[in-house]
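Novice: Here's my sequence, what's the structure:
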Amino acid sequence: MEKVGLLFKNKFFIYIFILLAIDIATKQVALRSLEEFQSYAFIPFIDFYLTFNSGIAFGFLDLGQRTISNLLTFVGILIVIFLINLLQKESVEKNKLALSFVIGGALGNILDRIPDGYVTDFLHLKINNFSFFIFNFADASISIGAILLIYMELFRNKRGSKN
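Specialist: Residues are numbered from 1 along each chain as shown. Predicted structure coming up:
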């Protein structure tokens, strides 16, 4: 029990919890406020559009099969455990922040998927009449974290090659 208390003394685990709470709250608001497959204007380039995804990013592996969804949940849990280990070993604060975004988003989608095998998506990115994808806050968190990690790695490599 003491180890759990130590986790929450780490600000990055608090960030994960906050990201997870925002994801859960936004999905609940979407479920209560939106009708499935109905588009509602929000801001330029993004509409509200409630849908459910049993696959992974961009609907890949969205075959509507609970077995695949359960497998994705299991793999997601393994990835989160791996990322938490990385977070605990990481010494660079910016990398810890990026990992926190990825972990918080991943946990949000895992917890959403467990009850019924689907993830709630409700933000529709589109330009003019071209639809890019439909996502949720957790997906945005994962993407932001991944972009930050890639940027940090590229920046570190460039700085290292100048020395």
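
Novice: Which SSE is immediately downstream of the least confident helix or strand in the chain by mean pLDDT?
Specialist: For the chain, using mean pLDDT, DSSP states H and E, the weakest element among its helices and strands is helix 2-9, scoring a mean of 54. Scanning forward in sequence from helix 2-9 by DSSP states H and E, the next helix or strand is helix 11-33.

Novice: Go ahead and name everything in contact with that next one.
Specialist: Around helix 11-33, the neighbours that count as contacts under Cβ atoms under 8 Å, 6 or more residues apart in numbering are 7-8, 48, 50, 87, 96-97, 99-101, 103-105, 107-109, 111-112, 120, 122, 136-138, 141. (Glycine included, C-beta is placed from N, CA and C.)

Novice: ditto for stretch 118-133
Specialist: Surrounding stretch 118-133, the residues in contact under the criterion Cβ under 8 Å, 6+ apart are 26-27, 30-31, 34, 39, 42, 45-54, 57-59, 69, 109, 112-113, 134-140.

Novice: what's the first-to-last distance across it?
Specialist: Counting by Cα to Cα, to the nearest Å, the length from the leading to the trailing residue of stretch 118-133 is 16 Å.

Novice: For the one helix or strand Lys126 maps to, the averaged confidence score.
Specialist: Under the assignment given by DSSP H and E, the secondary-structure element containing Lys126 is strand 119-127. Strand 119-127 shows a mean pLDDT of 93 in the predicted model.
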